[in-house]
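In: Need coordinates for the below:
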Amino acid sequence: MATSPPYPAYPPPPGAPAGGTRRHTHWWRRRWVRYGALITLLALSGLVILALVREQTGTEGFLVGLGLAVLPVPLLIAAFRWLDRVEPGPWRNLTFAFAWGACAAALIAIVANSFATRWIATATADPSSADTIGATVIAPVVEESAKAAAVLLVFLFRRRDFTGIVDGVVIAGVTATGFAFTENILYLGTAFGTDQLSGEDGIASVTAATFFVRVIMSPFAHPLFTVLTGIGFGIAALSADRQHIRRVLLPFTGLLLAMGMHALWNGSSAFGTYGFFAVYAAFMVPAFGLLTWLAIWTRQRELGTIRTELPAYAMAGWLTVPEPFVLGSMKARRLAREYATHHGGRTAGRAVAEYEAYATSLAFLRHRGRRGRASTDFVVRERELLHELWARRELARPALAYAARVTAPPPMPPPWPTYGNAYGQASPYPAYDPAYNPYRT
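Out: Model (predicted):
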């Protein structure tokens with residue numbers, strides 16, 4: 001159960017250890033060893049997948065596929081990054097997720113799908129049936145499991161960065177974006193090679209049709225499937241540590257739903273042209289809209305959690321009174337960063353952004369604690385976050401105070417009584433700078 005923090009009579013000493021003596025770390029647990037092994041694994045996977053795709057598409061087809069497949073990637077990454085703006089996760093997690101999807105997961109999918117399809121074709125002596133089974137049964141299981149591995153790794157080894165549904169959606173979506181990127185290179189490059197052999201070009205070409213279906217109509221398909229797995233992990237992250245069965249069943253249920261939706265999407269091609277568009281209009285688009293609404297609603301709920309939990313720290317003196325309101329408004333947070341950057345440069349702007357991120361993590365930590373879902377290191381983590389806030393307060397508070405004045409509702413005119421400095425208190429806010437205009441172009 002969370003308790004109100006003590007009043008900060010003095011700041012914690014900088015660089016003070018969290019407590020206890022430091023134990024010897026085995027070489028295989030050192031950060032540089034784990035990072036080196038992970039980077040090596042992803043780099044080797046990338047080289048192998050590059051060679052496999054180039055072998056199937058040819059050099060010219062690979063370059064055409066690469067140029068077309070990269071088009072939706074910035075838009076999808078920007079969308080997931082926007083969703084993660086309340087408590088932005090570190091870029092290293094997103095980089096790992098994208099690289100895993102584009103390299104490791106894609107390599108696993110290509111090798112496993114090809115092997116399974118050939119084995120089924122040999123066992124049944126029916127290649128066409130093997131292709132259908134491979135697309136509707138084998139591919140969804142293999143591909144969703146391979147993409148889910150990235151979400152699982154972040155969930156296990158970056159637990160502090162994985163605190164709820166939005167984190168699960170973002171990591172899963174970025175992983176699937178990387179996977180779709182590599183898969184689109186393969187499909188578009190193969191289509192280009194087919195057109196080269198048949199002499200087709202323009203709108204009637206196989207490349208144009210593939211581009212329309214995979215990049216224009218359904219760039220969200222793979223992210224949509226894997227996001228279901230991410231939601232399962234996100235709900236599990238909100239569960240208490242002692243709820244072991246729930247923390248296992250929820251991600252597994254999300255994975256099964258992702259496989260089912262993926263199988264339905266792949267199987268829609270067997271229904272003919274109209275069957276494909278029927279599944280797209282009646283199922284995929286509504287599912288995409290529902291999950292988009294859920295993600296945005298969860299984002300707004302996170303802002304509400306900030307406004308609810310942080311006043312306890314304001315009452316204890318760690319935050320100023322207006323800060324919970326400012327930190328619970330994306331507009332106010334943006335104004336605070338712009339104000340700090342304008343008056344103190346990029347260093348001040350970065351300090352305010354870090355202050356906002358640490359305060360958000362603190363609010364979520366307290367929310368889990370009040371609901372009995374905090375981990376065993378709750379007290380240690382709370383002290384760490386409070387120390388980070390205290391170290392940045394001198395740069396952050398003037399900017400947050402400015403944002404509070406700009407975004408606060410206008411005061412009620414007389415005859416209502418007015419307060420403020422009528423009792424002689426000094427204003428906690430810096431002097432208003434009329435020359436500063438955050439909307440100036």
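
In: Quick one: list the elements packing against the helix or strand that contains residue 40.
Out: Counting by DSSP states H and E, the element that carries residue 40 is helix 31-69. Counting contacts by 3 or more CB pairs under 8 Å, 6 or more residues apart in numbering; DSSP states H and E, helix 31-69 is packed against helix 91-99, helix 106-124, helix 165-198, helix 206-211. Quick note: C-beta positions are derived from backbone N, CA and C, even for glycine.

In: can you redo those as a markdown table with mean neighbour count and mean pLDDT?
Out: What follows is the helices and strands packed on helix 31-69, written out as a markdown table (neighbours: other CB atoms under 10 Å; pLDDT from 0 to 100):
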| stretch | mean neighbour count | mean pLDDT |
| --- | --- | --- |
| helix 91-99 | 19 | 93 |
| helix 106-124 | 17 | 88 |
| helix 165-198 | 25 | 93 |
| helix 206-211 | 19 | 90 |
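
In: Of these, which is nearest residue 401?
Out: helix 165-198 (28.0 Å; CB to CB).

In: Check which residues of the helix holding residue 40 are buried.
Out: 38, 42, 45-46, 48-49, 52-54, 57-58, 61-62, 64-66, 68-69 (16 or more other CB atoms under 10 Å).

In: Need the helices and strands packed on helix 31-69 in CSV (columns: distance to residue 260).
Out: CSV is the format used below for those (distance: least, CB to CB, whole Å):
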stretch, distance to residue 260
helix 91-99, 23
helix 106-124, 17
helix 165-198, 16
helix 206-211, 25
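
In: Of all the ones you listed, which one comes closest to residue 77?
Out: Evaluated over the helices and strands packed on helix 31-69, closeness to residue 77 peaks at helix 165-198, with 6.4 Å, by CB to CB.

In: if I pick the most centrally placed residue in the chain, what's in contact with it?
Out: Of all residues in the chain, the one closest to the mean position by CA atoms, centre = their mean is residue 170, 2.2 Å from it. Residues near residue 170 by CB atoms under 8 Å, 6 or more residues apart in numbering: 80-81, 83-84, 89, 94, 230.

In: Identify the farthest-apart pair in those residues.
Out: 81 and 230 (14.9 Å).

In: so how many other residues sit close to residue 300?
Out: 11 (other CB atoms under 10 Å).

In: so what's it up against?
Out: By CB under 8 Å, 6+ apart, residue 300 has no neighbours at all.

In: Closest to residue 131 out of the contacts of residue 170?
Out: Among the contacts of residue 170, and counting by CB to CB, the member closest to residue 131 is residue 230, at 29.6 Å.

In: And the average pLDDT for the helix holding residue 40 is what?
Out: For helix 31-69, mean pLDDT rounds to 89.

In: Helix 91-99 and the following helix or strand past it, what's the angle between them?
Out: For helix 31-69, the following helix or strand on the C-terminal side (DSSP H and E) is helix 73-83. Orientation of helix 73-83 against helix 91-99 (axes from the mean of the first three to the mean of the last three CA atoms, to 10 degrees) gives an angle of 140 degrees.

In: Would you mark the buried spots in helix 73-83?
Out: With the criterion 16+ other CB under 10 Å, helix 73-83 contains buried residues 73, 76-77, 79-80, 83.

In: where's the residue nearest to the centre of the chain relative to residue 267, distance?
Out: 28 Å (CB to CB, to the nearest Å).

In: now residue 223
Out: From residue 223 to residue 267 the distance is 19 Å (CB to CB).

In: Report the lowest-confidence entry in the contacts of residue 170.
Out: The pLDDT minimum for the contacts of residue 170 sits at residue 89, where the score is 83.

In: elements contacting the top helix by length along the chain?
Out: Secondary structure of the chain per DSSP state H: the longest helix is helix 330-370. Identification of packing neighbours for helix 330-370 by 3+ CB pairs under 8 Å, 6+ apart yields helix 285-309, helix 311-316, helix 323-327, helix 378-407.

In: will you turn the ones you listed into TSV that also has distance to residue 183 and mean pLDDT?
Out: Putting the helices and strands packed on helix 330-370 into TSV (distance: least, CB to CB, whole Å; pLDDT from 0 to 100) gives the following:
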stretch	distance to residue 183	mean pLDDT
helix 285-309	18	90
helix 311-316	46	90
helix 323-327	40	92
helix 378-407	39	91
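
In: With distance to residue 339 added, can I get those in JSON lines?
Out: Below are these laid out as JSON lines (distance: least, CB to CB, whole Å):
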{"stretch": "helix 285-309", "distance to residue 339": "19"}
{"stretch": "helix 311-316", "distance to residue 339": "20"}
{"stretch": "helix 323-327", "distance to residue 339": "11"}
{"stretch": "helix 378-407", "distance to residue 339": "4"}
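
In: now the stretch 201-350 of the chain, which segments are flagged as low pLDDT?
Out: Applying pLDDT under 70 to the stretch 201-350 of the chain flags the ranges 240-241, 273.

In: can you rerun that using 50?
Out: For the stretch 201-350 of the chain, applying pLDDT under 50 flags no range at all.

In: Could you measure from the residue lying closest to residue 137 once chain neighbours are set aside over to residue 279?
Out: Spatial nearest neighbour of residue 137, chain neighbours left out: residue 263 (6.8 Å); criterion: CB to CB, 6 or more residues apart in numbering. Applying CB to CB, the value for residue 263 to residue 279 is 11 Å.

In: Ok, residue 293 next?
Out: Taken as CB to CB, the span from residue 293 to residue 279 is 21 Å.

In: more crowded one of those two?
Out: More neighbours surround residue 279 than the other of residue 293 and residue 279, with 17 against 10 (other CB under 10 Å).

In: Quick one: residues contacting residue 320.
Out: So residue 320 contacts 314, 397, 400-401, 428 (CB under 8 Å, 6+ apart).

In: Widest-spaced pair of those?
Out: 314 and 401 (12.8 Å).

In: quick one: which of those two has more around it?
Out: Counted by other CB under 10 Å, residue 314 and residue 401 do not tie: residue 401 has more neighbours, with 22 against 15.

In: Count the residues that sit near residue 70.
Out: By other CB under 10 Å, the residues close to residue 70 number 13.

In: The closest residue to it other than its chain neighbours and residue 73: what is the separation?
Out: Distances taken as CB to CB, 6+ apart place residue 181 nearest to residue 70, at 6.9 Å, with adjacent residues excluded. For residue 181, the distance to residue 73 (CB to CB) stands at 6 Å.

In: Over to residue 112?
Out: From residue 112 to residue 73 the distance is 24 Å (CB to CB).

In: Can you say which helix or strand has residue 230 in it?
Out: Counting by DSSP H and E, residue 230 is found in helix 221-237.

In: just checking, residue 324 touches residue 314?
Out: Yes: the pair residue 324 and residue 314 passes the contact test of CB atoms under 8 Å, sitting 5.9 Å apart.

In: how about residue 310, what does it touch?
Out: Going by CB under 8 Å, 6+ apart, residue 310 touches 319, 323-324, 327-328, 359, 362-363.
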